[in-house]
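1. Let me see the structure of the following:
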Amino acid sequence: MASNVNPTVRRRRLGMELRKLREDKGMTAEQVADRLLVSQSKISRLENGRRSISQRDVRDLCEVYEVSDGRMVDSLMQMAKDSRQQGWWHAFGDIPYSVYIGFETDAASLRVYESQIIPGLLQTRPYAEAMIVGAMPETSTGDIEKRVQVRMRRQERIQPPADSPTAPLRLWAVLDESALRRVVGSRQLMREQLEYLLEVSQQPHVTVQVMPFKNGAHPGVTGQYAILEFPDATDSSVVYIEGVTSDLYLEKAPDVQKYSVMYEHLRAQALSVEETRQFISEVAKEYAG
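-> Prediction:
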């Protein structure tokens with residue numbers, strides 16, 4: 001197996017397969033937990049891909065589900081082995097949103113709504129640093145630099161190296177006007193950030209729209225969120241909502257559909273692409289003045 005296997009996505013796929021085997025067997029998570037003498041929460045975490053799964057766990061579950069197809073067992077065991085590999089982000093130590101980075105690394109497209117700040121994939125390095133310093137004032141200098149480096153590395157998804165075999169991420173970002181008006185760092189820094197935003201938005205796989213204040217209430221007033229879609233049809237879309245102490249991942253089809261419909265309303269109500277570029281340009285000039 002290639003060394004660039006995404007452990008986050010691999011765990012998720014494996015969890016989906018194990019859940020399907022359990023449901024086909026007509027067993028509840030509680031019944032499986034009782035058979036294996038483990039907690040029900042462990043079975044749930046294994047199935048939702050939030051917990052690392054060992055080959056022994058897979059072997060035990062296959063025995064409970066009476067899986068007789070040796071090739072299927074071998075495939076699941078290999079997935080478990082791959083899921084324990086480390087993604088590039090693990091080299092930076094403990095990253096609070098590492099699960100999200102794993103999803104983002106493997107995603108084919110990302111739709112994001114930001115109400116307060118410029119999205120991480122579109123930030124300049126100075127903006128990212130000032131944003132992290134302001135949002136987490138008690139963070140050490142070393143941790144700040146680590147977070148900035150991770151954010152810059154993530155941007156390779158929309159601006160991959162020339163020799164990268166991976167297609168760039170299809171990014172669609174709707175930003176509330178407050179993200180442009182909020183002075184992070186300094187006015188000079190903001191001017192440079194907005195000029196960079198204009199530059200990146202010229203790329204064919206990046207679309208940026210602004211939701212102006214004059215539009216009043218809209219479906220995004222409850223806060224930021226992102227919708228990730230994957231190239232493999234077996235991987236369902238994920239809605240990501242960032243939290244202070246923990247993040248929320250919604251994967252059920254009705255939840256994803258609801259947020260997708262909200263996003264269509266956001267795109268329809270926001271300024272057009274050309275109007276957005278003109279708007280950002282004007283705000284950048286205000287900072288220059």
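2. So, low pLDDT: which residues of the protein?
-> 1-7, 50-51, 86, 90, 93 (pLDDT under 70).
3. Which helix in it has the most residues?
-> As assigned by DSSP state H, the longest helix anywhere in the chain is helix 7-25.
4. Centre of the chain to the helix or strand just after that one, how far?
-> Next in sequence after helix 7-25, counting helices and strands by DSSP states H and E, comes helix 29-36. Distance of helix 29-36 from the chain centroid (CA atoms, centre = their mean, to the nearest Å) equals 32 Å.
5. Packing partners of helix 29-36?
-> Counting contacts by 3 or more CB pairs under 8 Å, 6 or more residues apart in numbering; DSSP states H and E, helix 29-36 is packed against helix 40-47, helix 55-64. Just so you know, the C-beta spots here come from the backbone N, C-alpha and C atoms, and that holds for glycine as well.
6. Contacts for that helix, please.
-> Helix 29-36 is contacted by residues 22, 39-40, 42-44, 47, 60-61, 64 when judged by CB atoms under 8 Å, 6 or more residues apart in numbering.
7. okay, the angle between the helix or strand where Thr105 lies and helix 7-25?
-> Thr105 is part of helix 98-106, with elements assigned from DSSP H and E. Angle between the axes of helix 98-106 and helix 7-25 is 100 degrees (criterion: axes from the mean of the first three to the mean of the last three CA atoms, to 10 degrees).
8. Contacts for helix 98-106, please.
-> Outside helix 98-106, the residues that touch it by CB under 8 Å, 6+ apart are 6-9, 50, 87-90, 95, 110, 150, 154, 157, 169, 228, 230-231, 235, 238, 240, 242, 247, 249.
9. Kindly report the same for stretch 175-195.
-> By CB under 8 Å, 6+ apart, the surrounding residues in contact with stretch 175-195 are 113-119, 123-124, 126-127, 129-131, 134, 208-213, 220, 279-281, 283-284, 287-288.
10. Selecting buried members of those in PyMOL, what would you type?
-> The PyMOL selection below is limited to those of the contacts of stretch 175-195 classed as buried (16 or more other CB atoms under 10 Å):
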select buried, resi 113+114+115+117+118+119+123+124+126+127+129+130+131+208+209+210+211+220+279+280+283+284+287
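11. check contacts around Ala284.
-> By CB under 8 Å, 6+ apart, the residues touching Ala284 are 190-191, 194-195, 198.
12. let's go with 10 Å and repeat that
-> Listed by CB atoms under 10 Å, 6 or more residues apart in numbering, the contact set of Ala284 reads 180, 190-198.
13. Thr166 - nearest residue in space that isn't next to it in sequence?
-> With CB to CB, 6 or more residues apart in numbering as the measure, Pro160 is the residue that lies nearest to Thr166, at 5.8 Å, once sequence neighbours are left out.
14. hang on, that neighbour packs against Arg153?
-> No. Checked against CB atoms under 10 Å, the pair Pro160 and Arg153 is beyond contact range at 11.4 Å.
15. hmm, back to that, pull out the buried positions in the longest helix of the chain.
-> Quick answer for helix 7-25 (16+ other CB under 10 Å): 7-19, 21-22.
16. ok, of the residues you listed, which one's closest to Ser75?
-> Glu17 (8.6 Å; CB to CB).
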